[in-house]
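> Here is a sequence together with a model predicted from it:
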Amino acid sequence: MKGLRLKYRTKEAIVGYLFAAPVIVSVLVFAIYPIFAAFYYSLTDYQPLEARKFMYVVDPYGALELHTGILREEAGNYTLDELLANFDPIQFVQLDLGVNLDDTEKELVKRYFDSASLISDFREGKLPERLKVSEFMKRYMRAYGHKFSKYVPKFVGLQNFEDIFSDKLFYTSFWNAFLYSLVVVPIQTLLAIILAVAANSKIKGVGFFKAVFFLPAITSSAALSMVFMLLYSKPGVINKILVAIFGKFGFQPIDYLNEPSIALFAIMAMNIWSTAGYFMVTFLAGLQDIPSSIYEAAKIDGSNKFQMFWKITMPLLRPQIVFVSIMGTVGCMQVFDQIYFLVRNLRNITISYYIYKNAFEYGKMGYASALAVLLFAVILILSLIQRKLIKEQY
Amino acid sequence: MSVRPSSWPVIVSYLILIIYTIATFFPFSWAILISLTPITYFDDNGNERGVNIFDWPPKLKLFPKPSAFGAPLTLRNYKLIFEVVPLYRRWLLNTVIYAGILTIGNVILNSLGGYAFARLNFPLKNFWFTLFLALMMVPGQVTLIPQYNMLVRFGLINTYAGLFLPKLTSIFGLFMMRQFFLNFPKELEEAARIDGFGILRTYFRIVLPNALPAISALSIYTFLGAWNDFQWPLIIMSSKENYTLTLGLNFFRSSYYTYWQYMMAASIFMTIPMIIIFLSFQKYFVESGKAVAIKG
């Protein structure tokens, strides 16, 4: 009996690992490794174009024909020495193969490039037709060929972080993300609670309201951005309505998205609109868990509706409030799509957009990684604070 | 005549809900209206006339024929987006493939993993679990760049594989499935074991068929997230024929800047499948709404 149980436990362990393996492997490859890599990149000057240079596929014949001015079919007519006299390895690699070399790499090519073997392969027609730069270098370097197989970014220590603290756009984008959370999270939470309380007060058609309020949450932020781009445009319908109402008080149409002092707030309003109804569902579920006997007791004690709301409803909704505000803060600190579509002015960008721009537009991945690491730290601190707040409550 | 005091809160509640309903509907209704407005139309004398969608008032008419801005409303723009941008069909296909593969992958792999973490004992289980929990704190911006570089190294940039490989499992999905299996009645599995079922057979024959509610919720959540995803495809897909619908919208903006009608048609078009899914599976949305936010 004991032996049988042991056998079952071993089986269980094996099956357990088999079942969990895909998730574990995926997390190791696509989350754990990237986190370490991000910390490492943040200490380097990682440049994506440089990183790719050894992976380009090149055509050695074409490059050599270009370099020597001699067609491959005619190469046999010349002696090795004649061809070598016109061959400069550094120029060949840099200009004809198109691989950008730094100073150490130049030095290595100068010393160890096996020109003779390349030229003789050229003469005898033994060159490969197409191959990767890394393979080419491995083949024709007498030594240190591996230096050309993998890009190693230059280690710069804390230079990126020093640069960040003197980067105006960092402060702007970071502050914008922070302001974004500071405005959006409390308003959307309060609005969601109000809607939930309203929906919980013995009314008909709760299902209908819930469905309607969910609508913006299932719509992509890309599509919503397009819709609001139209609504917010200067001749757009929001201005038309406001002019119709407030025109006689001197209201002038506003170009919401092109006005740097207004644009971010306009996007915040859109975000609140698109998530408040969604979070209302969370609160409604919380409200429905509050036993009505508590309210009845309060009524007997003579509390009015307002007192009940602040003294009973709000404290009992605390778990949902904490959950919604953590989710909201984490989301807002990383807001990207809406910013990508709607922001027209660098003064209005947020940190995640600035990270994206640095990494994928400016080609400064080391710097972008340092920004991301900093964002990570801030989000971590914010959630630790929020977590501590929960602990104090229970 | 007098209203009972206790009915005031109900009236106020209705008022709040109705006002917010209007506020929610308004942007959608306006977008739909614009998407139905033609760019040009033929008037009674057979002359082609342009339409200004910024006219005010919008001259909305339902009878005898629905019209706005003086032009008859039509569904033609929804057909025209496929003609004006020939790649639109391809983008739709890409989006369906991306969302479909992600859904299948997440359902299979996360339910396997979720069951292992809920029910099976294996070495280091708690270590992995704590690690996953901690990873939920890491913002996507941190892993984005190394993930991209890794895909560059494997030559997977601008390919379907690069788009979906890193997204085939999710920690959130794993937790969701684990939670479901934790609440799953143990008696069923014990009965199966007494009947001589092994772990694998118990899982595939007894547990999985009963996990349909959780699997549905996870599928819907994954499908929706992938369908609406923007930043990841933006980074991975560089050539136009590999775009998804969200990236395609961006293309509309630059090339057809003034054609708001097409842009709204494209925006509404890509929302319709989500609304259909939502209306058909509403109860699962509310369930997942308790546990997680779809977006920030």
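In hand now; what should we look at?

> Would you mark the buried spots in stretch B:26-39?
B:27-28, B:30-39 (16 or more other C-beta atoms under 10 Å in any protein chain shown). In short, each C-beta sits where N, CA and C put it, glycine included.

> cool, stretch B:145-163 as well?
Residues of stretch B:145-163 classed as buried by neighbour count (16+ other C-beta under 10 Å): B:145-152, B:156-157, B:162-163.

> List just the nearest of those residues to chain A.
For the buried residues of stretch B:145-163, the residue nearest chain A by C-beta to the nearest C-beta is B:Pro146; the value is 3.6 Å.

> close enough to count as contact, the closest one and A:Ala31?
No - between B:Pro146 and A:Ala31 no contact is recorded; they are 9.8 Å apart, counting by C-beta atoms under 8 Å.

> Let me know whether the host helix or strand of A:Leu230 sits next to chain B.
Per DSSP states H and E, A:Leu230 falls inside helix A:221-232. Yes - counting by C-beta under 8 Å from any C-beta of the partner chain, chain B is contacted by helix A:221-232 at A:221-224, A:226-231.

> Which pLDDT value belongs to the residue in the stretch 51-200 of chain A positioned nearest to chain B?
Nearest residue of the stretch 51-200 of chain A to chain B: A:Ala198, at 3.9 Å (C-beta to the nearest C-beta). For A:Ala198, the pLDDT comes out at 92.

> what mean pLDDT does stretch A:360-373 have?
In the prediction, stretch A:360-373 has an average pLDDT of 95.

> how about B:Tyr41, secondary structure?
strand (DSSP: H, G, I helix; E, B strand; the rest coil).

> Could you tell me how many residues sit around the residue of the stretch 51-200 of chain A closest to chain B?
By other C-beta atoms under 10 Å in any protein chain shown, 24 other residues sit near A:Ala198.

> That one and B:Val12 touch, don't they?
Yes - A:Ala198 lies in contact with B:Val12 (C-beta under 8 Å); the separation is 7.4 Å.

> Spell out which residues sit in contact with A:Leu108, please.
Neighbour list for A:Leu108: A:141, A:144, A:147 [criterion: C-beta atoms under 8 Å, 6 or more residues apart in numbering or on different chains].

> swap the cut-off to 7 Å and go again
Residues near A:Leu108 by C-beta atoms under 7 Å, 6 or more residues apart in numbering or on different chains: A:144, A:147.

> Next: A:Ile300.
A:Ile300 neighbours (C-beta under 7 Å, 6+ apart): none.

> longest helix of the chain?
No chain in the question, so chain A it is. If you go by DSSP state H, chain A has its longest helix at helix A:168-199.

> if you could check chain B rather than the one you did, that'd help
Under DSSP H, chain B gives helix B:88-119 as its longest helix.

> helices or strands next to that one in the packing?
Contacting helix B:88-119 under the criterion 3 or more C-beta pairs under 7 Å, 6 or more residues apart in numbering or on different chains; DSSP states H and E are the following elements: helix A:2-27, helix B:76-84, helix B:160-164, helix B:171-182, helix B:212-228, helix B:245-255.

> Identify the residue of the stretch 1-150 of chain A closest to chain B, quick one.
A:Gly16 (3.2 Å).

> Could you tell me which ranges of the chain sit under the pLDDT cut-off?
Assuming you mean chain A. A:1-6, A:390-394 (pLDDT under 70).

> um, chain B though
For chain B (pLDDT under 70), the answer is B:1-6, B:254-258, B:286-296.

> Nearest the middle, which residue of it would you pick?
Most central in chain B under C-alpha atoms, centre = their mean is B:Leu224, positioned 2.2 Å from the mean C-alpha point.

> got the contact list for A:Ala58?
Let me fix one detail, which is that residue A:58 is Val and not Ala. Contacts of A:Val58 by C-beta under 7 Å, 6+ apart are A:97, A:131, A:133, A:136.
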